[in-house]
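Engineer: need a structure here:
(one chain, ligands or ions: 1)
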Amino acid sequence: MIPFNKPYLTGKETLYIEDAVKSGKISGNGKYTKLCQDYFQSRYNFKKCLLTTSCTDALEMCAILLNIEPGDEVIIPSYTFVSTALAFVRQGAKIVFADSRADHPGIDENKIEELITNKTKLIIPVHYAGVACDMDKIMAIAGKYNLFVVEDAAQAIDSFYTGADGVKRALGSIGHLSAFSFHETKNIISGEGGMLCINDERFVKRSEIIWEKGTNRAEFFRGEVNKYGWVDTGSSFLPSEIIAAFLWAQIENLDDIQKKRKEIWEQYYNLLKPAELSNNFKLSEIPDYATNNAHMNYLVCNTLEYRADLINRLKSEGILAVFHYLALHKSEFYKEKHDGRELPECDRYADCLLRLPMYYELSKAEMEQIVSVIFEIK
Ligand SMILES: *Cc1c(COP(=O)(O)O)cnc(C)c1O
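Structural biologist: Below you'll find the predicted structure:
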């Protein structure tokens, strides 16, 4: 059997967890939390990082930090995971769904401006498959209308965007705020886990307070205030040291993990390329301004029928390929609240995109087996 995903363990996870447990400090914001946060800050040039228990949590922190109130409008691609919208809906936001690009599932930057009203508060580009949205364009629109940008970088660790100025910036370091995921399906993992990155100085101080149940505990422990108490809203967003210790073992192997995933991705792509001539599907495309962090290997099928056929044939060979993202504007929870606009590209990806097995330990022989099934369908 070839599973869709297989979480990769570097071997040091349990060692570091044991170290955390034995140190006697297993709640949050200890040694491993700081190691992880400092690493990401310096490697990717984020102003401030806070580990969270999920990317969903990090997005919820963004909604609180930006003071989202009932009636505020948030522009989000409809083709995304539920959390991108839910984190803001909980705070009372109205979601205004944008369509995807014709050549990529990411938000169509040319269809954002027409959605802006005097209630619009922010734009959330989702870097689908770890491939950058057109951030120059999105930041320029945000600047023009005085909006915030939160990057949903859940899939985008170690991926970059090169703007017109020629500077290569890490995804998650461009918007005012950004959120990453370390869920077991992502490139580096901690089971469940996430991170909030704050790039705008104005949010740094308050982010720590929201992270620590609305208290100024972090400041107290740094000796900046002589007592701590309840100063704001918030929740318990910080993970325990056990999770941070797990993540640290992954971070130590980040370069190896990324190298291996990119090799797999390339091999896969080269094996699949000739099958594209069947005209049944298209392979993913990476725009010139973006890098590929090898998060996902997907096909965009020409029809829903072909996708269903392919899934079944792969399944009969013991290979699990999956589709995802039922369009949020058609979801049971939100369809009544959607303004009724059609989003044809989003619908097409929801009907036709198929994700192939992709994980560190996927072998060349397994890739060949998967691709041979695809070749059989004429
Ligand atoms: C995985 C994912 C999330 C949610 O991440 P969690 O850590 O599971 O909360 C949010 N947005 C996108 C685009 C994702 O891929």
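
Engineer: what about the helix ranked longest in the chain, distance to the chain center?
Structural biologist: Counting residues, the longest helix in the chain under DSSP state H turns out to be helix 254-272. Distance of helix 254-272 from its chain centroid, counting by Cα atoms, centre = their mean, to the nearest Å, is 19 Å.

Engineer: check stretch 279-289 too.
Structural biologist: Distance, stretch centre to chain centre, for stretch 279-289: 20 Å (Cα atoms, centre = their mean).

Engineer: how about residues contacting that stretch?
Structural biologist: 103-104, 129, 131-132, 134, 136, 161-163, 269, 272-273, 275-276, 292, 296-302, 306, 352, 354, 377 (Cβ atoms under 8 Å, 6 or more residues apart in numbering). No exception for glycine: its C-beta is placed from N, CA and C like everyone else's.

Engineer: selecting buried members of those residues in PyMOL, what would you type?
Structural biologist: Here is the PyMOL command that selects only those of these that count as buried (16 or more other Cβ atoms under 10 Å):
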select buried, resi 104+129+131+132+134+136+161+162+163+272+275+292+296+297+298+299+300+301+306+352+354
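
Engineer: now, the contacts of stretch 279-289 that are in strands?
Structural biologist: The strands, defined by DSSP state E, take in 161-162, 298-301, 354 from the contacts of stretch 279-289.

Engineer: now residue 26, nearest residue through space, not along the chain?
Structural biologist: The spatially closest residue to residue 26, leaving aside those adjacent along the chain, is residue 241, at 5.0 Å (Cβ to Cβ, 6 or more residues apart in numbering).

Engineer: how about the one you found, what does it touch?
Structural biologist: Per Cβ under 8 Å, 6+ apart, neighbours of residue 241: 20, 23, 25-28, 30-33.

Engineer: ok, for residue 131, nearest residue in space, not its chain neighbours?
Structural biologist: residue 290 (4.9 Å).

Engineer: show me what from the protein comes close to the ligand.
Structural biologist: Residues of the chain lying close to the ligand (Cβ under 6 Å from any ligand atom) are 54-56, 80-81, 83-84, 126, 152, 154-155, 181, 183, 194.

Engineer: now, among those residues, which is nearest to residue 39?
Structural biologist: Within the residues of the chain next to the ligand, the smallest distance to residue 39 is 15.4 Å, found for residue 194 (Cβ to Cβ).

Engineer: how near is the residue nearest to residue 131 to residue 57?
Structural biologist: From residue 290 over to residue 57 the distance is 27 Å, taken as Cβ to Cβ, to the nearest Å.

Engineer: more crowded one of the two?
Structural biologist: Comparing residue 290 with residue 57 by neighbour count (other Cβ atoms under 10 Å), the higher total belongs to residue 57, at 27 against 24.

Engineer: in a strand, the more buried one, correct?
Structural biologist: No: counting by DSSP: H, G, I helix; E, B strand; the rest coil, residue 57 falls outside a strand, being helix.

Engineer: how close does it sit to residue 311?
Structural biologist: 32 Å.

Engineer: nearest to residue 327 among the ones in strands among the contacts of stretch 279-289?
Structural biologist: Nearest to residue 327 out of the ones in strands among the contacts of stretch 279-289 is residue 300 (Cβ to Cβ; 14.9 Å).

Engineer: give the contact list for the closest one.
Structural biologist: With contact set as Cβ under 8 Å, 6+ apart, residue 300 has these partners: 281-282, 284, 348-349, 352-354.

Engineer: of the residues you listed, which is the nearest to residue 1?
Structural biologist: residue 354 (18.0 Å).

Engineer: for stretch 230-238, how far is the first residue from the last?
Structural biologist: 17 Å (Cα to Cα, to the nearest Å).

Engineer: give the buried residues for that stretch.
Structural biologist: Neighbour counts over stretch 230-238 (16+ other Cβ under 10 Å) mark 234, 237-238 as buried.

Engineer: thanks a lot, catch you later.
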